[in-house]
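> Structure for the following, please:
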Amino acid sequence: MKTDARVRYTTMRIKKAFFTCLAQKPVSKITVKEICDMAEINRATFYKHYEDTFDLLRKLEDEAIEGMKKSILACKKMTSQGILLMILKNIRDTGNSSAVLTSQNGDPGFAARISELFYQEFRPLIAKSLSGHTEDEQNAAYLFVAGGSGHLISAWINSGMRTPPEQVANDINAMCRAFVDAYARQYRKS
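Got it, this is the predicted structure:
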């Protein structure tokens, strides 16, 4: 469904105002009035597009997740490092919005949604590498890898994404590979 230029412009102003507010305080403290004042729109216009600030946040998160999914689908035949690099570039290209969504002021559940996306793509790779392990052991390894990777990505975002995404992807991939290989070797020794 196409939207006309006025609607796109209005929603862009609403989003920009919301990100400005979210950079300064938690979503629970942001009012529709603040967003409307900053976006120079009336409340009725806001409510044509969003139910409240939490609906706006959820829709922005949905857009970010969809962008990451598209990046993954575009590189299905790539290595795990290639997929990770595409996701990091997607995050970098969305700029400040990713940093704000993953900040303390955003939704703590958003990181879990990103982790679930990674789980769907990377869990089978870990299962293959740890084929001699039980499903519980494979899940534990995945959770360890995903948690560490998620924290590294969050740190990268919160530091202003100064390190090139290629280096971040390479570092995360090397650490994950080293852990999975060591975990697999340890299992074979017991």
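
> my read: S154 touches A111, true?
Yes - taking contacts as C-beta atoms under 8 Å, S154 lies within contact range of A111: 7.0 Å. Where C-beta positions appear, they are placed from N, C-alpha and C, glycine not excepted.

> what is in contact with these two at once?
Common contact partners of S154 and A111 (C-beta atoms under 8 Å, 6 or more residues apart in numbering): T102.

> what about the helices in the chain?
According to DSSP state H, the chain carries its helices in the segments 5-24, 32-39, 43-49, 53-74, 80-93, 96-101, 108-129, 135-158, 165-189.

> Report the contact partners of I65.
By C-beta under 8 Å, 6+ apart, the contact set of I65 is R113, I114, L117.

> which of those residues lies closest to I172?
Nearest to I172 out of those is I114 (C-beta to C-beta; 13.5 Å).

> What separation do you get for that closest one and I65?
7 Å (C-beta to C-beta, to the nearest Å).

> go on, A127?
When A127 is compared with I65 (using C-beta to C-beta), they lie 23 Å apart.

> In the protein, which residue is most central in space?
I114 (4.5 Å; C-alpha atoms, centre = their mean).

> What sits closest to A169 if chain neighbours are left out?
The shortest distance from A169 to any non-neighbouring residue, by C-beta to C-beta, 6 or more residues apart in numbering, is to L85 (4.0 Å).

> returning to that earlier point: the helices of the chain: lowest mean pLDDT?
The minimum mean pLDDT among the helices of the chain belongs to helix 96-101 (a mean of 70).

> my guess is K25 meets S103, correct?
No - the criterion here is C-beta under 8 Å, and K25 misses it with S103 at 10.5 Å.

> More neighbours: these two, which one.
Higher neighbour count among K25 and S103: S103, with 16 against 12, using other C-beta atoms under 10 Å.

> that older thread, ok, how many other residues are close to the residue nearest to A169?
Every residue meeting other C-beta under 10 Å relative to L85 is counted, giving 23.

> for it, what are its contacts?
P165, E166, A169.

> What's the separation between the closest residue to E34 other than its chain neighbours and R92?
Nearest non-adjacent residue to E34, counting by C-beta to C-beta, 6+ apart: C21, 5.7 Å away. Counting by C-beta to C-beta, the separation of C21 from R92 is 23 Å.

> Between those two, tell me which one has more neighbours.
Per other C-beta under 10 Å, whichever of C21 and R92 has more neighbours is C21, with 20 against 15.

> isn't the more buried one right next to M38, touching?
Yes - the pair C21 / M38 is scored as a contact, 7.0 Å apart, by C-beta under 8 Å.

> any residues in contact with both of the two?
Overlap of the contact sets of C21 and M38 (by C-beta under 8 Å, 6+ apart) is empty.
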